[in-house]
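Undergrad: Below are the sequence and a predicted model for it; my questions follow.
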Amino acid sequence: MKTIAIIMCLLFSLFNPVYASHKYLEKDYQKYWCNQNNGKTEVKLPDYTRIDCLTKNYAIEFDFANKWAEAIGQSLYYSLSTNKKPGIVLILEDSNKDLKYLNRLINVANKYCIRVWTITPLDIENSRFCTNCSN
């Protein structure tokens, strides 16, 4: 019986995908930030790729901090496709761990003129206390 339990646990762990735990989903940060900045979310391009947020001047990609490098390529592609400036909103959920990714992104962004913003879980949580606030 004990052997069966161990085998079941092993099988479950092998076939059960592991997901990174985040405070909020990427789309939650995207929706909050884009609304605050008068942007449109999930703008579809002719090749069926989607811009996370399109504002008057920027084509913006959202990503969690550890995906900073992917965000660079996507923001540059969206910029090229829309003739808008490239932008990235980097999601910082762990300030100790995520700072190294932000610094890497800033170094590249400065060279290629990519605008960088950051967002944290506190931004979303603080907004819930103020329903009629304007930025």
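TA: That came through, no problem. Not measured: the values here are computed from a predicted model. Numbers count the residues shown, from 1 in each chain.
Undergrad: The top helix by length along the chain - contacts with which helices or strands?
TA: Criterion DSSP state H: the longest helix present in the chain is helix 95-112. When contacts are defined as 3 or more CB pairs under 8 Å, 6 or more residues apart in numbering; DSSP states H and E, helix 95-112 packs onto helix 68-82, strand 85-91, strand 115-119. Just so you know, the C-beta spots here come from the backbone N, C-alpha and C atoms, and that holds for glycine as well.
Undergrad: Buried residues of that helix, list them for me.
TA: Neighbour-count burial for helix 95-112, counted by 16 or more other CB atoms under 10 Å, picks out 98, 101-102, 105, 109.
Undergrad: for stretch 117-130, same thing?
TA: 118-121, 123-124.
Undergrad: before we move on, the earlier item: quick check: which of the helices and strands packed on helix 95-112 is buried the most?
TA: Burial of the helices and strands packed on helix 95-112 is given as mean neighbour count (mean count of other CB atoms under 10 Å); strand 85-91 ranks first at a mean of 24.
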